[in-house]
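> Provide a 3D model corresponding to the input given below.
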Amino acid sequence: MSKISVIGSGFVGATTAYTLALSGIAKTIVLIDINKDKAEGDALDISHGVPFISPVEVYAGDYGDAAGSDIIIITAGAAQKPGETRLDLVKRNTMIFKDIVAKLIKVNDTAIYLIVTNPVDILTYVTYKISGLPYGRVLGSGTVLDSARFRYLLSKHCNIDPRNIHGYIIGEHGDSELAAWSITNIAGIPIDNYCNLCGKACEKNFREEIFNNVVRAAYTIIEKKGATYYAVALAVRRIVEAIFRDENSILTVSSPLTGQYGVTNVALSLPTVVGRNGIVNILELPLSQEEITAFRRSAEIIKSVIQELDI
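Okay, the predicted model is just below:
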């Protein structure tokens, strides 16, 4: 595996291409955007830094250049307009995706399609339905970033390396997501027990505060600088690494569910084994009944929007 096509050269797409170039994991990265000049400018800018990193070819192309790509990453889509509802945006991006995916499938029906555009769960499901690709080869970035934010905030609170904190944000990548507190642990120690051991008081509202900061993270960043793109690019890189290296890593990517917790006909995030062929297995966690109920509620929210779409 050596070629990646990135569809969309906006903040997220360009930063993703740059991050992937730094990773040294791909031999070829193609940027494809309706604004060809923007894609060419980004490709040139990244290419000029190649003497400082592992060899990689970065160039701008059109849909035909996606042929032969092992992974196609879609970051393109419309931004929400003033006065436009979330459903209006979903409908508009669904129309855009119908056009994009149709063009891509004509030249490449063997790649793994990784969806990053928001609302990512809905557009992952839309891509799966309209592409005709086999199950497992369409996935979304899901709550990989949300889970990283969760672990980061816990690491700051507990003063522990975030790599030693195991916890997941599941469900929608959005307002109805939930933290799987019942299985969150540090070095195998349940979070409640760790709070008792570490000598640092965990106030009654500490869970609520951390979770609210996860949910509000994107809004906070957008208010301050207009868009989020650095951390999501790193999340995409992590997913790509798991695929290229056939790692069978567990990541909270979004994918169409097949009955987990009784949920079908919607794409949501659960800890998922990701390897060479995309989705290997979706794990059904030993959640609390309250968490299962919240997960199903998240599914119903997303499903209600999908039912309004023409797919």
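> low-confidence ranges, the stretch 201-311 of the chain, go.
201, 204 (pLDDT under 70).
> how many other residues sit next to the nearest residue to residue 49 once chain neighbours are set aside?
On the basis of C-beta to C-beta, 6 or more residues apart in numbering, the spatially nearest residue to residue 49 that is not a chain neighbour turns out to be residue 21, at 7.5 Å. Bear in mind the C-beta positions are built from the backbone N, C-alpha and C, glycine included. The tally of other residues near residue 21 (other C-beta atoms under 10 Å) stands at 22.
> would you say residue 21 is within a strand?
No - assignment of residue 21 by DSSP: H, G, I helix; E, B strand; the rest coil gives helix, placing it outside any strand.
> ok, it touching residue 57?
No - the criterion here is C-beta atoms under 8 Å, and residue 21 misses it with residue 57 at 9.6 Å.
> common neighbours of those two, please.
Contact criterion C-beta atoms under 8 Å, 6 or more residues apart in numbering; residues shared by residue 21 and residue 57: residue 29.
> where do the helices of the stretch 151-300 of the chain begin and end?
Taking DSSP state H, counting those that start in this stretch as the criterion, the stretch 151-300 of the chain contains helices spanning 191-197, 206-225, 230-244, 289-306.
> may I see the buried residues of the shortest one?
Residues of helix 191-197 classed as buried under the neighbour-count rule (16 or more other C-beta atoms under 10 Å) are 191, 194-195.
> one more: the last one?
By neighbour count, and taking 16+ other C-beta under 10 Å as the criterion, the buried residues in helix 289-306 are 291-292, 294-295, 298-299, 301-303, 305-306.
> circling back: how about the helices of the stretch 151-300 of the chain in TSV, adding distance to residue 65?
Conversion of the helices of the stretch 151-300 of the chain to TSV gives the following (distance: least, C-beta to C-beta, whole Å):
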stretch	distance to residue 65
helix 191-197	47
helix 206-225	31
helix 230-244	18
helix 289-306	31
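> how about those, which one is nearest residue 95?
With distances scored as C-beta to C-beta, the stretch of the helices of the stretch 151-300 of the chain nearest to residue 95 is helix 289-306 (14.7 Å).
> so what pLDDT did the nearest residue to residue 227 once chain neighbours are set aside get?
Nearest residue to residue 227, sequence neighbours excluded (C-beta to C-beta, 6+ apart): residue 11, at 4.7 Å. What the model reports for residue 11 is a pLDDT of 95.
> ok, residue 11 - how many residues close by?
Using other C-beta under 10 Å, residue 11 has 17 neighbouring residues.
> with residue 44 instead?
By other C-beta under 10 Å, the residues close to residue 44 number 12.
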